[in-house]
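>>> Structural data only, the sequence is not supplied:
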Ligand code: SF4
Ligand code: SF4
């Protein structure tokens, strides 16, 4: 099972909203590693808090189900998408 990310980039464009990611801010709230193609330039070495599955496996397996953690993250994604006006491609419609 893997977290269903549609690569909208909304999280990477709002990093100032989290204390964890504020050091990545290029100065306008967007991550300095987000490319013009809306991709992560350091994807394979991205911070743990950018990797839902790795974060869950390191910190949360004994605290909540993976499904519940995915739900929390999808809700955060939905809010971020609304903030940034990103197109919701339908992954939260069910
Ligand atoms: S906001 Fe959610 S769906 Fe969009 S890139 Fe970030 S994790 Fe993926
Ligand atoms: S490091 Fe990569 S995944 Fe994390 S916020 Fe920056 S661009 Fe997004």
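Happy to help now that I have it. Everything numeric in this text was worked out from a predicted model, so none of it was measured. Numbers count the residues shown, from 1 in each chain. Ligands and ions are numbered 1, 2, ... in the order given.
>>> now the strands: where do they sit in this protein?
Ranges of strands in the chain, per DSSP state E: none exist.
>>> Run through the residues of it sitting next to ligand 2.
12, 15, 21, 24, 31, 33-34, 40, 42, 46-47, 50 (C-beta under 6 Å from any ligand atom). The C-beta positions use only the backbone N, C-alpha and C, and glycine is treated the same way.
>>> Those into CSV, with extra columns for neighbour count?
Output for those, formatted as CSV (neighbours: other C-beta atoms under 10 Å):
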residue, neighbour count
12, 24
15, 22
21, 17
24, 20
31, 24
33, 18
34, 18
40, 16
42, 12
46, 16
47, 15
50, 19
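>>> Looking at pLDDT only, which of the residues you listed scores worst?
Least confident by pLDDT among these: that is residue 21, with 88.
>>> Let me see the contact set for that one.
By C-beta atoms under 8 Å, 6 or more residues apart in numbering, the contact set of residue 21 is 15, 31, 47, 49-50.
>>> how about 10 Å then?
11-12, 14-15, 31, 47, 49-50 (C-beta atoms under 10 Å, 6 or more residues apart in numbering).
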